[in-house]
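Visitor: requesting a structural model of the entry that follows:
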Amino acid sequence: MSDLSKVDEKTDGSEDVVEEALGLAPGEDRASIVPADPTHLTPHETHDHPGPRQYVMIGLVLVILTAIEVAVSYIETDNSNAIIVTLACLAALKFYLVCAWFMHMKQDAPFFRRLFIIGILLAGAVYGIVMFMFASTVLLS
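Guide: Model prediction:
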């Protein structure tokens, strides 16, 4: 039986139930289970989340990058490979900004960040292989 199920069994809501579930002696201060100073915080807890100003700035950067993508797509050139590579790089930059700031990957635990990066690299490799297999007419021009 888990400690939390003990709380569910008793419905009177008394302090003793909470203390028992937390493993504290009756009357013991709950502050003893929470770190009191910032030196005991994990690295994940010490990062500040971005404020509204930073979100707006990242949003403006994304709008500017999107405008650049649209402008690049209208360029008339015989070398379509340069346009494809430029658009792919801009898309990758926008993807990084969205993941890092709006998905809070910059503040996430390193383990989860590594898992995410490994998944993105594998997906990018599969995408690249498929693109080179089926887009040979574009790439050969």
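Visitor: what's the per-residue pLDDT of residue 57 here?
Guide: On pLDDT, residue 57 comes in at 92.
Visitor: residues touching it, list them.
Guide: Residues in contact with residue 57 (C-beta atoms under 8 Å, 6 or more residues apart in numbering): none are found. To be clear about C-beta, it is placed using only N, CA and C from the backbone, and glycine gets the same treatment.
Visitor: distance-wise, check it relative to residue 63.
Guide: Residue 57 sits 11 Å away from residue 63, going by C-beta to C-beta, to the nearest Å.
Visitor: repeat that for residue 81.
Guide: 27 Å.
Visitor: same thing with residue 121?
Guide: In terms of C-beta to C-beta, residue 121 sits 28 Å off from residue 63.
Visitor: with residue 92 instead?
Guide: 17 Å.
Visitor: now do residue 90
Guide: 13 Å.
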